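*Asks:* I need the structure of the sequence given here:
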Amino acid sequence: MDLTIGSTKTLHNGVEMPRFGLGVYKMTDKEAAVEAMVKAIRTGYKAIDTATVYDNEAEVGEAVRAGGVPREELFITSKVWNTDQGYDQTLRAFEASLKRLDMDYLDLYLTHWAIPETFEETYRAIERLYDEKLIRAAGVSNHQQHHLEKILAKANTKPMVNQIELHPQLTQVSLREFCAAEDIAVTSWSPLARGRLLDDSVLSEIGEKYGKSIAQTIIRWHLQNDLIVIPKSVTPSRIAENANVFDFELSQEEMKQISALNQDWRSGTHPDEIKL
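*Replies:* Okay, here's the model as predicted:
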């Protein structure tokens, strides 16, 4: 799989989404957040993934303006939080996000979690934003197959992306297969399992073969599984290290070894158990 830091995945509407980007969850120190995002942009990261609940959309906007890369060359994602869901509420939440970002459009806007009472209406509002060209792509996050099936039954524009927790201990194969059949791209959040795998002997042995860290090995596994991956770090050296994964390729056997680490273990809430 011939990949670079600028490689993209073509979404079903033709938009090119970077396969590799920066997640900014828990980047709550404003100054450190901006510095980390600017470092990432200058390292070659083309995507930043934020959300209203992360409380750093303004910092994303600031970093984009300071990064020295034209806005149209970057891919910015945000998400509508659970308490802002519903049709009219989502439209208002999006407007507030744009204001905080100080941008006139987003590349991708997602429902953050599938709140049972509101997720269908929330997605209907996201469709409207897409129709009005305020977002380049419409999507969801933390949606199971049954959530997606409800949306697909009514949607005029099906989601282009589903962002889900995904790592070698939570491989989500059946959901990935469903998304692939529906031409819905999958983004992995918590791609390194929040550090749980950073002393794993299988990953260590594979990484040593290529002179790579365990984190780099895992990120490469995501990329070779046709997943979009958004590792988070505020450390400049780690931001650079996470991006240094395009000069080696895992074998099919190594990919299977890593996938065999699956335990269906989640660092976050199961989507069917989410509550307001």
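
*Asks:* what's the neighbour count on residue 121?
*Replies:* Using other CB atoms under 10 Å, residue 121 has 17 other residues around it. For every residue, glycine as well, the C-beta is placed using N, CA and C.

*Asks:* wait, is it part of a strand?
*Replies:* No. Under DSSP: H, G, I helix; E, B strand; the rest coil, residue 121 sits outside any strand and is assigned helix.

*Asks:* quick one: the closest residue in space to it that isn't next to it in sequence from residue 108, how far?
*Replies:* Closest residue to residue 121 apart from its sequence neighbours, by CB to CB, 6 or more residues apart in numbering: residue 87 at 4.4 Å. According to CB to CB, to the nearest Å, residue 87 and residue 108 sit 19 Å apart.

*Asks:* The residue nearest to residue 121: neighbouring residues, count only.
*Replies:* Residue 87 has 15 nearby residues by other CB under 10 Å.

*Asks:* who are the neighbours in contact with it?
*Replies:* 121-122, 124-125 (CB atoms under 8 Å, 6 or more residues apart in numbering).

*Asks:* just curious, which of the residues you listed is nearest to residue 35?
*Replies:* residue 122 (33.1 Å; CB to CB).

*Asks:* Compute the number of surrounding residues for the closest one.
*Replies:* Neighbour tally, residue 122, other CB under 10 Å: 28.

*Asks:* contacting residues around the spatially most central residue of the chain?
*Replies:* The centroid of the chain falls nearest to residue 187 when counting by CA atoms, centre = their mean (4.4 Å). Counting by CB under 8 Å, 6+ apart, residue 187 touches 49, 141, 161-164, 227-230.

*Asks:* Now distance to residue 219 and pLDDT too, for the contacts of residue 87, in TSV please.
*Replies:* Converted to TSV, the contacts of residue 87 look like this (distance: CB to CB, whole Å; pLDDT from 0 to 100):
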residue	distance to residue 219	pLDDT
121	36	98
122	30	98
124	35	98
125	33	98
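
*Asks:* Turn those residues into TSV, including distance to residue 39.
*Replies:* Converted to TSV, the contacts of residue 87 look like this (distance: CB to CB, whole Å):
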residue	distance to residue 39
121	39
122	33
124	38
125	34
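
*Asks:* quick one: which of those residues is nearest to residue 173?
*Replies:* Sorting the contacts of residue 87 by how near they are to residue 173, with CB to CB, puts residue 122 at the top with 26.9 Å.

*Asks:* how about the nearest residue to that closest one, chain neighbours excluded?
*Replies:* residue 85 (4.3 Å).

*Asks:* Residue 106 now?
*Replies:* Distances taken as CB to CB, 6+ apart put residue 135 closest to residue 106, at 4.9 Å, once the chain neighbours are dropped.

*Asks:* and the one you found, how many neighbours does it have?
*Replies:* With other CB under 10 Å as criterion, residue 135 counts 26.

*Asks:* how close does it get to residue 128?
*Replies:* 10 Å.

*Asks:* Does residue 172 touch residue 164 like I think?
*Replies:* Yes. Contact between residue 172 and residue 164 holds when scored by CB atoms under 8 Å: they sit 6.1 Å apart.

*Asks:* what is in contact with those two at once?
*Replies:* residue 186.

*Asks:* Please name the residues that touch the residue nearest to residue 227 when sequence neighbours are not counted.
*Replies:* Distances taken as CB to CB, 6+ apart place residue 188 nearest to residue 227, at 4.9 Å, with adjacent residues excluded. Residues near residue 188 by CB under 8 Å, 6+ apart: 163-167, 222, 227-230.

*Asks:* ok but residue 188 is inside a helix, no?
*Replies:* No. Residue 188 is assigned strand when assessed by three-state DSSP, not a helix.
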